[in-house]
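**Student:** Here's my sequence, what's the structure:
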Amino acid sequence: MFILNPEEIKNKVGFKKKVSNYLESHGVPLLAIKGDIHYYRDTDLLNDVLKSSPIWVKWAKKFA
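**Tutor:** This next block holds a predicted model:
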């Protein structure tokens, strides 16, 4: 189940499918999907996974 109106939610970060697959495989729960963007809550878990992630994932957050 996903949130249908993610634009109303503050404190979220959006990523494309490739980064989303990486985040989900590392236990970060998905918040919503809108088009080809997958949204996640900007939490400590997300930031911890991003800190230990490969460089291509870190760059994705920088430009998100």
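**Student:** Could you state which residue of the chain sits nearest its centroid?
**Tutor:** The chain has Tyr40 as the residue nearest its centroid, 4.0 Å off, counting by C-alpha atoms, centre = their mean.
**Student:** Tell me which helix or strand comes right after whichever strand or helix holds that residue.
**Tutor:** Per DSSP states H and E: Tyr40 is located in strand 37-41. Downstream of strand 37-41, the next assigned helix or strand under DSSP H and E is helix 44-51.
**Student:** Give the other helices and strands that the helix or strand of the chain with the lowest mean pLDDT contacts.
**Tutor:** Across the helices and strands of the chain, mean confidence by mean pLDDT, DSSP states H and E is lowest for helix 55-62: a mean of 79. With contacts taken as 3 or more C-beta pairs under 8 Å, 6 or more residues apart in numbering; DSSP states H and E, helix 55-62 sits against strand 12-15, helix 17-25, helix 44-51. (C-beta placed from N, C-alpha, C; glycine too.)
**Student:** can you list the weak-confidence ranges in the protein?
**Tutor:** The chain contains residues with pLDDT under 70 at 1-4, 61-64.
**Student:** what residues are up against the closest residue to Ala32 other than its chain neighbours?
**Tutor:** Nearest residue to Ala32 in three dimensions, chain neighbours excluded: Pro6, at 3.7 Å (C-beta to C-beta, 6 or more residues apart in numbering). By C-beta atoms under 8 Å, 6 or more residues apart in numbering, the contact set of Pro6 is 12, 31-34, 39.
**Student:** and if you look at Leu46?
**Tutor:** So Leu46 contacts 13, 23, 28, 40 (C-beta under 8 Å, 6+ apart).
**Student:** doesn't Leu31 make contact with the residue nearest to the centre of the chain?
**Tutor:** Yes. With contact defined as C-beta atoms under 8 Å, Tyr40 and Leu31 form a contacting pair (5.4 Å).
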